[in-house]
Each structure stands twice: as C-alpha cells, then as structure tokens.
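Novice: I'd like to go over a predicted model; first the sequence, then the structure.
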Amino acid sequence: MTSTAQAPQSGAGSSAHPEHLGHVIFIAAAAAMGGFLFGYDSSVINGAVEAIRSRYDIGSAALAQVIAIALIGCAIGAATAGRIADRIGRIRCMQISAVMFTISAVGSALPFALWDLAFWRIIGGFAIGMASVIGPAYIAEVSPPAYRGRLGSFQQAAIVIGIAISQLVNWALLNAAGGDQRGKLMGIEAWQVMLGVMVIPAVLYGLLSFAIPESPRFLISVGKLDRAHEVLREVEGDALDLDARVAEIEHAMKSEHKSTFKDLLGGGGFFFKPIVWVGIGLSAFQQLVGINVAFYYSSTLWQSVGVDPTESFFYSFTTSIVNIIGTVIAMIFVDRIGRKPLALIGSVGMVVGLALEAWAFSYHLVDGKLPSAQGWTALIAAHVFVLFFALSWGVVVWVFLGEMFPNKIRAAALGVAASAQWIANWAITASFPSLADWNLSATYVIYTVFAALSIPFVLKFVKETKGKKLEDMG
C-alpha cells in the first residue's frame, strides 16, 4: 500500500483533459466518502453521551471507555488496511469498510446492553481506521500528477464536512424529540436514531465503490495490464503513452524499499531515530491539546455548565463549521507560507483559546450556569481554539508526516507516528469525563500547557519541508 507521498509521478500524464477531469473529480469524491464517514462516525457519538450515561446508569470512567473504545478498532483498522488492500484491492477494501460502517450503525442504534454497544463501536472504529488509510492512498493512485495535491485534499475536506453534518443531524433530531436525547423517535430513543442515521452515507459509500475503477497500481501488481491501461486512459487522458506509463509504475513499484520497523531503530539510547521521535511528537501534540474533546464531548461540556441541551447541540454544530473554515484556510496557506509558520501560528492561537476556557470554567456555577461573561468567554474561546487548530495542526501534521521522513523509512515511520496519534487520542478521550468531574478548569489548564509546549518543540526540532523534494529528506 502506498501513501500519497509515494504515489508514482509521471511527466507523461501531467495533466488530464477537461473531459476526463470531471470524471476524475467524481472518482476522488466517491473515494472521499470514506473520509466523510470517518468524520461522521467519529463525532456522531457526541449527541448520545448523556443519554448513554442515563440509560445504563454508569459513571464517568465507564462512559469514557464506551466512547473511547472505538479508537481501539481505529488503530487495528489502520494497521491492517494496507495489507488487506494490497491483497484484495482498494475497491474491495472500501466495500468491506462500507459494510462495517453499516453494521456498526445498525448495531449501535439497537443495542440490548452496554457491552454490545461497545462492540459495535469497535466495529465502526475498524471501518474508520480502514477509511483513514484507503481513501488518501487510492486518490493518490488514480489522480493525474498535476491534480494530485488538490484531489488529495478531498479526504480532509470530507472528514470535516462529515463532522459538521453529524452535528447538524444530531441537532435536528434532538429538536424533533422535543429537546430530550431519550425522547421517542420512530419507536426508539433519539440518541439511537442519531447513531443509526449513519446507515445512509454508509450504504451510499458502498454503492459508489461499484461505480469507480480499481487503482491502476493494484491492477498492475496482480498482472491485469489491459484493465490498468483502460483505467489510466480513463483518468489521465487519451494522449497518454499507456505502455510507457505502465512501465514507469512497474519500475517504481520494483524499486520501492519496503520499510520495516527495524529500519526505524538506531537512535542510540533513545531506541528510535531522532526524526521518528519528531514525527511521534507531532502526532502526540496534535491530540494532547484536547481537540477531540470538542468533537466527542462538546454537548456534554456545554450542558455541564448550564447550557440548554438543544443549544449545546447547536454550538457543537457551529464549532464544526468553524472547523471547516479553518481547514480551508490551512489548505490555502500551507504551500504559501509553509508548514512550520502555520503550526506556530496555530499553537499561539490554541494557547489563547484554551487559557480563556480554563479561566472561564474556573468560576462557580450560579443557578447551574456559568456567569454570563464567563459563559460567553468560554463559548467564543472554544470556537477560537478549534479555528486555530484546524488552520494549523489539523492539516499541517499530516503534511509533515507525509514529507519529513527519508524515503527508506517513510512508510514504517508514518505507521508508528499514526499509531502514536491513535494512542494519544485514546488517552484524551478516555480521561476527559473523569478529569472534568475532578476539575474542569484544571483539565483545560493541562491542554493549555501542551499547546504551549508545542511551540518550543516546533521551533527546536521540526524542520520546514515546504518546497523540498521527498528525495532530499533526512
């Protein structure tokens, strides 16, 4: 399985004819539906947290495990997706992912106990992990080189749109249920409908997978050269020298070094090579600032400081819209001002937003609510935090990880860094409810400290990769 950074390049197919480009955009958008489901499934649980706590009468620690357990599936799915796709193909892998998303949605909507709800969330997590790997790699392999960067951005755009749509759907369903997460809709509780609605995009993803071609790289790897010729003509234009293009891809595949975990070792007493630790650090900081609290627990957070449930769902939706805006800003400026400056700007903005939230949450509730000034400060600061994360670390870290490693270790190093990200994500997700019960303000102080520490980390250890060839890394 190849990453975006490793996809074969060609001067012969450097542009697609206009009549082909529209079709390529459709193919990339269809593949990016996996990213949409990634975002949707990751954040839809936000609307069900308090209802699950109430229905099963569980404490914060048990609740956190049910929410965070999906990340175990994510890690397994991400770790195995590449091998699965190399063996049975990218399209078949998408179809398996779509089936698992569908099963997870139905099972999560109709649980008969807490343990099977957790099981269905693991299944959904496995599908998320697969989608996080398959989508970007497939898009890279079918995109004409001249459009690869822009088409590759479809995956990240689809993820943030999926997050936003999940919050909009949750808000609409909560209103339909009279503002009660456990209110009846279609014969079941509202939170169950929220989790079940994912069946619709999951089935659509599966259907779209039958309408797009297999990756030419995979077709060549299994000897289906005639079909590879057809797909290359379909996505890169009629003027392409098909034999030369196939020969180029074959040569690239034969010359690729299959990096292994052993290649990452050699850091003396530090186990890994220094560049691998930098990648792990970037991944860890991206999660340790608490970004996923905003997507997994925001409704619960706002309700804990006295915000009406319906309004809390609406604020979760507006936060996800800010996330989209920030992501678009990052896509515009990441190649203009560079990765490192953008990361530093984001870190400073996150420190400000998180510190203001910590200050606001330090005040005692009056009649179950934050004082007006502190309430509005917390709400605005939360949006500021998400905006600065989205326009920097949300995008920049993935760009860095795709570019910063030497060719010899890129695939293996990216895998280790991505694993570190899932682990840090799990740590934050699993710990937030208990930490919030202990001291919500202090919890945000912890996130603020991590955001502040990311500044010297970037300044000292992270090197700018803008404008450098992948062959020059390391």
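Specialist: That came through fine.

Novice: so where's this structure shaky on pLDDT?
Specialist: 1-19, 149, 239-240, 256-259, 267-270, 411, 468-474 (pLDDT under 70).

Novice: now the strands: where do they sit in it?
Specialist: Remark: strands assigned in the chain by DSSP state E are 184-185, 188-189.

Novice: reformat those strands as JSON lines; add mean neighbour count and distance to residue 135.
Specialist: The C-beta positions use only the backbone N, C-alpha and C, and glycine is treated the same way. Converted to JSON lines, these look like this (neighbours: other Cβ atoms under 10 Å; distance: least, Cβ to Cβ, whole Å):
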{"stretch": "strand 184-185", "mean neighbour count": "16", "distance to residue 135": "31"}
{"stretch": "strand 188-189", "mean neighbour count": "16", "distance to residue 135": "31"}
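
Novice: make a markdown table out of the ones you listed and add distance to residue 348.
Specialist: What follows is the strands of the chain, written out as a markdown table (distance: least, Cβ to Cβ, whole Å):
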| stretch | distance to residue 348 |
| --- | --- |
| strand 184-185 | 44 |
| strand 188-189 | 43 |
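
Novice: quick one: which of these is nearest residue 108?
Specialist: strand 188-189 (11.5 Å; Cβ to Cβ).

Novice: re earlier: what's the closest of the strands of the chain to residue 294?
Specialist: It's strand 188-189; of the strands of the chain, that one is closest to residue 294 (Cβ to Cβ) at 24.6 Å.

Novice: can you give me the helices in the stretch 101-250 of the chain?
Specialist: Here the stretch 101-250 of the chain has its helices, by DSSP state H, counting those that start in this stretch, at 114-142, 148-176, 190-196, 199-209, 216-221, 225-236, 242-255.

Novice: that older thread, among the strands of the chain, which is nearest residue 63?
Specialist: strand 188-189 (16.4 Å).

Novice: that older thread, for residue 26, which of the helices of the stretch 101-250 of the chain is the nearest?
Specialist: Of all the helices of the stretch 101-250 of the chain, helix 199-209 comes closest under Cβ to Cβ, at 9.0 Å.

Novice: buried residues, the closest one. List them.
Specialist: By 16 or more other Cβ atoms under 10 Å, the buried positions in helix 199-209 come out as 199, 201, 202, 205, 206, 208, 209.

Novice: which one of those sits closest to residue 454?
Specialist: residue 201 (33.5 Å).

Novice: tell me the spacing between that closest one and residue 208.
Specialist: 10 Å (Cβ to Cβ, to the nearest Å).

Novice: what is in contact with the two at once?
Specialist: residue 33 (Cβ atoms under 8 Å, 6 or more residues apart in numbering).

Novice: isn't residue 452 up against residue 351?
Specialist: Yes. Here residue 452 lies in contact with residue 351, judged by Cβ atoms under 8 Å, at a distance of 5.2 Å.

Novice: between these two, which one's more packed in?
Specialist: In this view residue 452 and residue 351 are compared by other Cβ atoms under 10 Å, and residue 351 has more residues nearby, 22 against 17.

Novice: got the helices of the stretch 101-250 of the chain as JSON lines, with distance to residue 345 columns?
Specialist: Output for these, formatted as JSON lines (distance: least, Cβ to Cβ, whole Å):
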{"stretch": "helix 114-142", "distance to residue 345": "25"}
{"stretch": "helix 148-176", "distance to residue 345": "18"}
{"stretch": "helix 190-196", "distance to residue 345": "35"}
{"stretch": "helix 199-209", "distance to residue 345": "33"}
{"stretch": "helix 216-221", "distance to residue 345": "37"}
{"stretch": "helix 225-236", "distance to residue 345": "36"}
{"stretch": "helix 242-255", "distance to residue 345": "36"}
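
Novice: right, and those helices - which one's nearest residue 56?
Specialist: Of all the helices of the stretch 101-250 of the chain, the one in closest proximity to residue 56, counting by Cβ to Cβ, is helix 114-142 (4.7 Å).
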